[in-house]
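Q: Got a predicted model here, sequence first, then my questions.
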Amino acid sequence: MRVFVTGATGFIGSAVVRELIEAGHEVTGLVRSAEGATKLEAAGAKAQRGAIEDLESLTRGASAADGVIHTAFFHAFSQASLATRLRVMFGGSPTNIVKRFMTAAVETDISDPNAVGGLRARSEEAALALPARGVKAMIVRLPPSVHDQTKQGLITQLTAIARKKQVSAYVGDGTNNWAAVHRLDAAHLFRLALEDGEAGGRYHAVAEGGIPFRDIAEAIGRQLIVPVRGISVEDASKHFGWVAPFVATDNPVSSEATQERLRWQPTHPPLMVDLGAMLRSADARASLRRPDAKPATPKPFCMARVADIPRA
Ligand SMILES: NC(=O)c1ccc[n+]([C@@H]2O[C@H](COP(=O)([O-])OP(=O)(O)OC[C@H]3O[C@@H](n4cnc5c(N)ncnc54)[C@H](OP(=O)(O)O)[C@@H]3O)[C@@H](O)[C@H]2O)c1
């Protein structure tokens, strides 16, 4: 199949490109720079210059393909609702924490636009309107930690905060659940969805659906050799800044239906193995944020989605 991939140079998109090429697909990736094009071509794909703000480049890529996988990450803070922007600017509202990340525990759940990761709900809604127009579009839902030994999604940010504050914290008793998937398992699922998914399908790229947040905080604390401490909901914003609403989400997730429907079986290491390996690595330690550095710019979330384009 000829597949057009956005975000092809990204953490997840580059794994998707590799997965597709290894399975014999012909891949064209959207790139914004010459460096991106070189990287993509070295991986065996074609590069198409463009951007997701540039409709012409998207149309060109999609119309020359049999399928599209969209993983580009649009960091447009202005796209978020006023409430979300205020919450992010003021470090998260305590009244908004201890909620679900997406309010989607099983595949049939509809995402809640008011959830902490609610911007994804709008992307899902847009993608799932496409089957009515003859496009075989489907959703792959990603958990807050898509990981390998170099990065672990929001946990990379939490590690930097723990290092800066010299304490690894959790909120309340830390029994709230997080979900995770290895990026190669996620990439495999994107391919299976493309090849065998159904129009309007919602798939969960979740290998571990219920990791108590306290376990994550303890792993970070052990490796950084900093104390591990529970903090109150009221103190969460001060400690975690914009990540606070995410930290306290309790979102146990199942991927049972996805595994059954697409015969997807996660096989790569679990989060704790990758997190431990990264924190033990001298290079990674050196690359962690220095204690005096400022936190990274907040990133609103958008949904990664996959859509089949019917052949002309
Ligand atoms: N990583 C995680 O743990 C995680 C967890 C949950 C959900 N997700 C979601 O998964 C998706 C991909 O995440 P990621 O971690 O792979 O992100 P990433 O490593 O930051 O990659 C982002 C990709 O999007 C491209 N991009 C950014 N802005 C663009 C634009 N305006 N036009 C065209 N391309 C653009 C980047 O291209 P350049 O190389 O040119 O910058 C890059 O290829 C995102 O939607 C994210 O919300 C990720």
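A: Done, it's in. Residues are numbered from 1 along each chain as shown.
Q: those strands in the chain, which residues are they?
A: Applying DSSP state E to the chain gives strands spanning 2-6, 26-31, 46-49, 67-70, 136-141, 145-147, 168-171, 177-182, 202-204, 208-212, 228-231, 305-308.
Q: Which one of those lies nearest to residue 109?
A: Evaluated with CB to CB, those place strand 202-204 nearest to residue 109, the distance being 8.2 Å. Where C-beta positions appear, they are placed from N, C-alpha and C, glycine not excepted.
Q: what are the pairing partners of that closest one, and which direction each?
A: Here strand 202-204 is paired, per DSSP bridges, with strand 136-141 (parallel).
Q: circling back: of all the strands of the chain, which lies closest to the ligand?
A: Nearest to the ligand among the strands of the chain is strand 145-147; the distance by CB to the nearest ligand atom comes to 3.4 Å.
Q: Report the strands that pair with that closest one, each with its relative direction.
A: Paired strands of strand 145-147, with direction, are strand 177-182 (parallel) (DSSP bridges).
Q: The closest residue in space to residue 128 that isn't next to it in sequence - how many residues pack around it?
A: Among residues not flanking residue 128 along the chain, residue 200 sits closest, at 5.8 Å (CB to CB, 6 or more residues apart in numbering). By the criterion of other CB atoms under 10 Å, residue 200 has 15 neighbours.
Q: go on, the one 10 residues further on?
A: Counted by other CB under 10 Å, the residues lying close to residue 210 total 14.
Q: Please apply the same query to residue 267.
A: Counted by other CB under 10 Å, the residues lying close to residue 267 total 10.
Q: Residue 194 against residue 67, yeah?
A: Yes - here residue 194 reaches residue 67: they are 5.1 Å apart, a contact under CB atoms under 8 Å.
Q: what about these two, which has more around it?
A: Shown here are residue 194 and residue 67; by other CB under 10 Å, residue 194 has more neighbours (26 against 23).
Q: wouldn't residue 154 be in contact with residue 143 here?
A: No - assessed by CB under 8 Å, residue 154 is found out of contact with residue 143, at 9.7 Å.
Q: Looking at those two, which one has more neighbours?
A: Neighbour count, other CB under 10 Å: between residue 154 and residue 143, residue 143 has more, with 27 against 19.
Q: quick revisit: the ligand versus the residue nearest to residue 128, what's the distance?
A: Using CB to the nearest ligand atom, to the nearest Å, residue 200 is found at 20 Å from the ligand.
Q: Pull up the distance across stretch 221-234, start to finish.
A: Counting by CA to CA, to the nearest Å, you get 22 Å between the two ends of stretch 221-234.
Q: residues making contact with that stretch?
A: Stretch 221-234 is contacted from outside by 94, 97-98, 159, 162-163, 166-174, 214, 217-218, 220, 239, 248, 275-276, 279-280, using CB atoms under 8 Å, 6 or more residues apart in numbering.
Q: of the residues you listed, buried ones?
A: Those of the contacts of stretch 221-234 that meet the buried threshold are 94, 97-98, 159, 162-163, 167-172, 174, 214, 217-218, 220, 239, 248, 275-276, 279, by 16 or more other CB atoms under 10 Å.
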